[in-house]
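> all I have is the shape, not the residue letters:
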Ligand SMILES: [Zn+2]
C-alpha cells in the first residue's frame, strides 16, 4: 500500500492534523463521481455531463489543496524579531472553505489579532495561513482553533484572537438556516483569554465596520 507523505506535519504544531491518506487514483475518483451521477438518476454520458467527473475531481482537489501545504512552506522564513507589543489585527480576511459533513461551501470572513512578544509575521502570511486551513474539509470551530494555534505556535505571542463569521451552504441551501444568517466562532489564547479589557478591545475593533472597501 502506498501512502502520501504527510506534509501537513509542521515543526510548529503538535496538534490534531489530518492523518496519512491512502492514495487513490484520479481515475478511481472520477469513477466515483460518475457513480454519484448515476445514483442521482442522471446520464453521465450526455454532453453536458461528459466531463463533469473530471471537473469535479479537479475542483475538489483545489478546494482541499490545503492538505498538501504546511506552515513551514507558507512562512518561508517570514518571521521577524521586532520589539512591537501593540495589537496587530488583520480583519475581513475572505474565507472559502468546505464543510466536512456535506462537502458544500462555507463562506465567511476571519479576523485575526495577536499581541507580539518579540516576534512578528508578515501580514500577508496571516491570510495565507487562514487559506491553508480553509482549503480542507472543515467545521468552522476547528478552522478557528487551527488558525489560532498555528499563530500561537509560530510566534509565541502574548496572545492570539481569531474570530470567524461564516455562512454554511449546507444549511442555507437546504432551508435549515435562512440566507443571510451567520455563525460566529472565536478562539482566544493568552492575554485575550485572560484579560477582559484586551478581549473587549479586539471585539470592538472587529465590530467596527471598515468603510473603505
Ligand atoms: Zn455541512
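Ah, there it is. Just so you know, these numbers come straight off a predicted model, no measurement behind them. Numbers count the residues shown, from 1 in each chain.
> please make it C-alpha for all contacts and neighbour counts, starting now.
OK.
> packing partners for the worst-scoring helix or strand of the chain on mean pLDDT?
One helix or strand of the chain scores below all others by mean pLDDT, DSSP states H and E: helix 169-172, with a mean of 90. Counting contacts by 3 or more C-alpha pairs under 8 Å, 6 or more residues apart in numbering; DSSP states H and E, helix 169-172 packs against strand 105-115.
> check what contacts the strand it packs on and list those residues.
Residues outside strand 105-115 that contact it (C-alpha atoms under 8 Å, 6 or more residues apart in numbering) are 85-99, 126, 130, 157-170, 202, 206.
> what does stretch 144-152 give?
Stretch 144-152 is contacted by residues 12-13, 71, 129-130, 133, 159-164, 185-189 when judged by C-alpha under 8 Å, 6+ apart.
> ramachandran coordinates for residue 135?
With angles defined as degrees, to the nearest 10, residue 135 sits at phi -90, psi 50.
> mind checking which of the contacts of stretch 144-152 land in strands?
Among the contacts of stretch 144-152, the members found in strands (DSSP state E) are 159, 160, 161, 162, 163, 164, 185, 186, 187, 188, 189.
> Provide a list of residues in contact with the first one.
Contact analysis of residue 159 by C-alpha under 8 Å, 6+ apart lists 114, 115, 116, 152, 188, 189, 190, 191, 192, 193.
> from these, keep the buried residues only.
The neighbour count (16 or more other C-alpha atoms under 10 Å) marks 114, 115, 116, 152, 188, 189, 190, 191, 192 as buried among those.
> the nearest residue to residue 110 once chain neighbours are set aside: neighbour count?
Nearest non-adjacent residue to residue 110, counting by C-alpha to C-alpha, 6 or more residues apart in numbering: residue 164, 4.4 Å away. For residue 164, the number of neighbouring residues by other C-alpha atoms under 10 Å comes to 24.
> for residue 90, same thing?
Residue 90: 17 surrounding residues under other C-alpha under 10 Å.
> so residue 179 touches residue 172, yeah?
Yes - using C-alpha atoms under 8 Å, residue 179 is in contact with residue 172, at 5.4 Å.
> what residues does this structure put near the ion?
By C-alpha under 5 Å from the ion, the residues of the chain that approach the ion are 99, 101, 102, 170.
> let's go with 8 Å and repeat that
98, 99, 100, 101, 102, 103, 104, 139, 168, 169, 170, 171 (C-alpha under 8 Å from the ion).
> buried ones among those?
The neighbour count (16+ other C-alpha under 10 Å) marks 98, 99, 103, 104, 139, 168, 169, 170, 171 as buried among the residues of the chain next to the ion.
> in TSV, list these along with distance to residue 43.
Below are those laid out as TSV (distance: C-alpha to C-alpha, whole Å):
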residue	distance to residue 43
98	27
99	27
103	22
104	23
139	33
168	29
169	26
170	25
171	28
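> circling back: of the contacts of residue 159, which is the nearest to the ion?
residue 188 (24.6 Å; C-alpha to the ion).
> what pairs with that closest one across the strands?
Using DSSP bridges, the bridge partners assigned to residue 188 are residue 161.
> tell me the contacts of it?
Residue 188 sits next to 148, 159, 160, 161, 162 when contact means C-alpha under 8 Å, 6+ apart.
> look up the closest residue to residue 65, ignoring the ones flanking it.
Closest to residue 65 by C-alpha to C-alpha, 6+ apart is residue 135, at 5.8 Å.
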